[in-house]
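Novice: how would this look folded up:
(chains A and B)
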Amino acid sequence: GDSVTQMEGPVTLSEEAFLTINCTYTATGYPSLFWYVQYPGEGLQLLLKATKADDKGSNKGFEATYRKETTSFHLEKGSVQVSDSAVYFCALSSGGSNYKLTFGKGTLLTVNP
Amino acid sequence: DTEVTQTPKHLVMGMTNKKSLKCEQHMGHRAMYWYKQKAKKPPELMFVYSYEKLSINESVPSRFSPECPNSSLLNLHLHALQPEDSALYLCASSRTVTNEKLFFGSGTQLSVL
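Specialist: Below you'll find the predicted structure:
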């Protein structure tokens, strides 16, 4: 079945540091890939998405590229801020339906001033 | 209005109580979802409604009873819960079940004593 593996957290960075959170997936067919972010005490928000190989999703300075050859969708940001502190979930959707949205375990990011 | 509103934000209930969680959206979305999220875990899908009809029940115990009275509202009725049911309950919506952008509410933090 489908699965998503994220790097174990927590990740602690200083402000303006470079961020990478690794995500790899296993799926049949051609899934869509997502990063969701959950701020403390909040629900999840879609951060970015990519629907086919070599697509790059980007939003708020975050980027991730759909790499079919390595089955990866790593999240990057060049310069993190304290306000980026949150839990980040990598997810995939296969079959073109939200019924099959599979989440990774989540990575807690803490950014210190 | 791009919000999914959930009430109450916090709920404490005993094992013999009956309570309801409410979710509302005014984005014209025709797919609505209930997720359960335990601390430091990803969300787990419970129910999916599509055009006000229950489409998916992910083998959820009958002490959880969903209801979709109209296209804007989604309820989750709770009865005879167990302490292990304590979790954050998230509502989400999307334009349809095949539209992959999910909008999440902030959740109801439920404690069962």
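Novice: OK, contacts around the residue most central in space within chain B?
Specialist: Central residue of chain B (Cα atoms, centre = their mean): residue B:34, 3.2 Å from the mean position. Residues near residue B:34 by Cβ atoms under 8 Å, 6 or more residues apart in numbering or on different chains: B:23, B:45-47, B:66, B:74, B:76, B:89-91. The C-beta positions use only the backbone N, C-alpha and C, and glycine is treated the same way.
Novice: Can you list the residue ranges for strands in the chain?
Specialist: Since you didn't name a chain, this refers to chain A. For chain A, applying DSSP state E gives strands covering A:3-6, A:11-14, A:19-21, A:23-26, A:32-38, A:44-50, A:56-59, A:62-65, A:75-77, A:86-93, A:101-103, A:107-112.
Novice: should've been chain B
Specialist: B:4-7, B:10-13, B:18-25, B:31-37, B:44-50, B:53-57, B:64-70, B:73-79, B:87-94, B:103-104, B:108-112.
Novice: Quick check: which ranges of the chain have low pLDDT?
Specialist: As the question left the chain open, I've gone with chain A. Across chain A, residues meeting the criterion (pLDDT under 70) sit at A:95-100.
Novice: wait, I meant chain B there
Specialist: For chain B, the ranges with pLDDT under 70 are B:1-2.
Novice: One more pass at 90, please.
Specialist: B:1-2, B:15-17, B:40, B:56-59, B:97-101 (pLDDT under 90).
Novice: Need the strands of chain B in JSON lines (columns: distance to residue A:64).
Specialist: As requested, the strands of chain B are exported to JSON lines (distance: least, Cβ to Cβ, whole Å):
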{"stretch": "strand B:4-7", "distance to residue A:64": "24"}
{"stretch": "strand B:10-13", "distance to residue A:64": "34"}
{"stretch": "strand B:18-25", "distance to residue A:64": "27"}
{"stretch": "strand B:31-37", "distance to residue A:64": "22"}
{"stretch": "strand B:44-50", "distance to residue A:64": "23"}
{"stretch": "strand B:53-57", "distance to residue A:64": "28"}
{"stretch": "strand B:64-70", "distance to residue A:64": "33"}
{"stretch": "strand B:73-79", "distance to residue A:64": "30"}
{"stretch": "strand B:87-94", "distance to residue A:64": "21"}
{"stretch": "strand B:103-104", "distance to residue A:64": "19"}
{"stretch": "strand B:108-112", "distance to residue A:64": "30"}
